[in-house]
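# Sequence and predicted structure below; questions after.
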Amino acid sequence: MKIKSQLIIFNLITRLLVILVFWLVLPILVQKVVYKKIDKSLVEKKQKFLEHLDKEEINDFILRNDTTETYASFSTLHSEFLQLSRKPTDFHQNKTVFVDEYRIIEGEQDNYRILRYQFLYEKTAYELEIGNSLGEIQDLTFIIKLFVLVVLIIILVVTFVMDTFYIEYLLKPFYKIIDTKIRRVNEPDTFDHTPINSTSSDFRELDTVLNQMMNRISELFKMEKQFIANVSHELLTPIALLQNKFENLIQNESLNDNAVDKIASSLRTLDMLKKVINNLLLISRIENHQYESNEKVNLQELLDDLCEDLTDRIDEKKIDLKMNLQHQFEFIGNKTLIHILLYNLMVNAIKYNKENGSIVVTDGFDETDYFLSISDTGIGMNENQVSHIFNRFTRINANEDGNGLGLAIVRSIALFHQIKIEVNSKLGEGTIFLLHFPVKENFY
């Protein structure tokens, strides 16, 4: 996942968590604020009531002398009530208590915030209750919560969009560095050293360091190319001279059979050494991009030519070769290198196949690429062998001829042409090599 997506997701999750916490805490905060205001209002009403309290007013409230007599006054909407009642003398004098209770007022039940105050007046105990309905407060709290939720969602959407555009703008130089520079580190000759414009000093520093690194890599590549040219001359020339001397020496009639065998063995060793050096030079030249890639390559034509060249080997093992190509796929690349790649894969499919086995070559298109499949019914490989087959000097079977560079060359050529290789193999059943070619509107 790209860093841009990770940042956007992280910001979104943190905002959602903040909204969730705020949503859970909001009722508590609203209740605390509302209750504080209601309690203050109830205390003021209590004080106002007590300031004007006298015997005549109490008699107006209480007409009978038993302790159950009460008098209550209500607002027309039943949102408030005031109730006075006589109490026994064993009570907590001058103590104010706030409680939430349901009361039935004129047949209607509602939840009230109630102030209870017990006091003594002229040796008579009274309890004053002043209540304020919480129904409207609860409705108001719900409206506030709904309003806040809508506001938070709007803020979330707006900030998410703003963050997305800002992160896109902020990381644009970073992705430009990736697209135009980091992905071209394997092509030092075509590397773009143009500085990247960025408001971030970190990205500018990254760009500067990349340019310096690529300058150094370019110099090292040039030195390596020069070294390869020197190796080609310094090693191959002496080997050719030795081969020539041994070939002349083997024609000497005075040599006995034992000497001839030793010279022939030396010639085979020199020939193998020459092949190893040529293969290593080939890999190095490919990796250093010393080959042109501007030819039109037709895979079906190459495979037809290869099958014709390998007929003797195929017939020798009595292998059934099936070419099931459905598409005339063409792309721009190096025809010689692609020929070497296909040749090495076909030779391996023959070499490691069983007597009377089969090789099937098919092609097709998946979601994005053209693929070529080369499958055989050979000895197969285990997972450990599959993970190492592209390493240099790795051989599946130590008893087979070869120097273990064939598949290393295949990998280098595939990387040069941006071809993806997938290997599926089962020990004793066979192997499938899948080549995925990038499609760039150049197929038929």
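Okay, I see it. Numbers count the residues shown, from 1 in each chain.
# excluding its backbone neighbours, what's nearest residue 160?
Excluding the flanking residues, the one nearest residue 160 by Cβ to Cβ, 6 or more residues apart in numbering is residue 12, at 5.9 Å. To be clear about C-beta, it is placed using only N, CA and C from the backbone, and glycine gets the same treatment.
# Helices along the stretch 101-250 of the chain, start to end?
With DSSP state H, counting those that start in this stretch applied, the stretch 101-250 of the chain shows helices at 135-180, 201-250, listed in chain order.
# With distance to residue 330, mean pLDDT and mean neighbour count added, can I get the ones you listed in JSON lines?
Compiled in JSON lines, the helices of the stretch 101-250 of the chain are given as follows (distance: least, Cβ to Cβ, whole Å; pLDDT from 0 to 100; neighbours: other Cβ atoms under 10 Å):
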{"stretch": "helix 135-180", "distance to residue 330": "27", "mean pLDDT": "80", "mean neighbour count": "14"}
{"stretch": "helix 201-250", "distance to residue 330": "30", "mean pLDDT": "79", "mean neighbour count": "13"}
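# May I see the ones you listed arranged in JSON lines, with distance to residue 417 as well?
Output for these, formatted as JSON lines (distance: least, Cβ to Cβ, whole Å):
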{"stretch": "helix 135-180", "distance to residue 417": "20"}
{"stretch": "helix 201-250", "distance to residue 417": "19"}
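# Nearest to residue 361, out of those?
helix 201-250 (33.9 Å; Cβ to Cβ).
# elements contacting the helix or strand just after the closest one?
Going down the chain from helix 201-250, the next helix or strand is helix 257-287, by DSSP states H and E. On a contact count with 3 or more Cβ pairs under 8 Å, 6 or more residues apart in numbering; DSSP states H and E, helix 257-287 meets helix 201-250, helix 406-416.
# Find the helix or strand that the residue nearest to residue 160 is a member of.
Using DSSP H and E, residue 12 sits within helix 3-51.
# What is the burial count for residue 414?
20 (other Cβ atoms under 10 Å).
# Tell me how the protein divides into domains.
3-139, 201-287, 295-438 (automatic domain parsing).
# mind putting those in CSV, distance to residue 181 included?
Output for the domains of the chain, formatted as CSV (distance: least, Cβ to Cβ, whole Å):
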stretch, distance to residue 181
domain 3-139, 17
domain 201-287, 5
domain 295-438, 17
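# Out of these, flag the one nearest residue 148.
Short answer: domain 3-139, nearest of the domains of the chain by Cβ to Cβ, at 6.2 Å.
# quick one: least confident helix or strand in the protein?
strand 70-74 (a mean of 49; mean pLDDT, DSSP states H and E).
# Show me which parts of the following helix or strand past that strand are buried, residue by residue.
As assigned by DSSP H and E, the chain's next helix or strand after strand 70-74 is strand 80-87. By neighbour count on 16 or more other Cβ atoms under 10 Å, the buried set for strand 80-87 is 80-86.
# could I get strand 80-87 in CSV with only the CA atoms?
What follows is strand 80-87, C-alpha atoms only, in CSV (Å, rounded to 0.1, in the frame of the first residue of the first chain):
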residue,chain,number,x,y,z
GLU,A,80,-42.6,22.9,36.8
PHE,A,81,-44.2,22.3,40.2
LEU,A,82,-43.9,23.5,43.8
GLN,A,83,-45.1,21.3,46.7
LEU,A,84,-45.1,22.0,50.4
SER,A,85,-45.9,19.3,53.1
ARG,A,86,-45.6,18.9,56.8
LYS,A,87,-43.1,16.4,58.1
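# tell me the angle it makes with helix 3-51.
Calculated by axes from the mean of the first three to the mean of the last three Cα atoms, to 10 degrees, strand 80-87 forms an angle of 50 degrees with helix 3-51.
# Check the offset of strand 80-87 from the chain's centre.
Chain-centre distance of strand 80-87: 69 Å, with Cα atoms, centre = their mean, to the nearest Å.
# Which neighbours in the sheet does that strand have, and how are they oriented?
According to DSSP bridges, strand 80-87 forms sheet pairs with strand 70-74 (antiparallel), strand 124-133 (antiparallel).
# Can you list the neighbours in contact with the last one?
By Cβ atoms under 8 Å, 6 or more residues apart in numbering, the surrounding residues in contact with strand 124-133 are 38, 41-42, 45-46, 49-50, 58, 78-89, 91, 93, 103, 110-120.
# Got a PyMOL select line for the buried ones in the residues you listed?
Under the burial definition 16+ other Cβ under 10 Å, those of these that qualify are selected in PyMOL by:
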select buried, resi 38+42+45+46+58+78+79+80+81+82+83+84+85+86+103+110+112+113+114+115+116+117+118+119
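# tell me the angle of the strand of greatest length in the chain relative to strand 80-87?
Counting residues, the longest strand found in the chain (DSSP state E) is strand 108-121. Strand 108-121 and strand 80-87 meet at an angle of 50 degrees, taking the same axes, to 10 degrees as the criterion.
# same for strand 108-121, what does it pack against?
Here strand 108-121 touches helix 3-51, strand 95-105, strand 124-133, helix 135-180, going by 3+ Cβ pairs under 8 Å, 6+ apart.
# what's the angle between that strand and strand 95-105?
Inter-element angle recorded for strand 108-121 and strand 95-105: 150 degrees (by the same axes, to 10 degrees).
# Just give me how far strand 108-121 sits from the chain centre.
Counting by Cα atoms, centre = their mean, strand 108-121 is centred 63 Å from the centre of its parent chain.
# I'd like the helices and strands packed on strand 108-121 as TSV, with distance to residue 230 appended.
Formatted as TSV, these follow (distance: least, Cβ to Cβ, whole Å):
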stretch	distance to residue 230
helix 3-51	44
strand 95-105	95
strand 124-133	99
helix 135-180	34
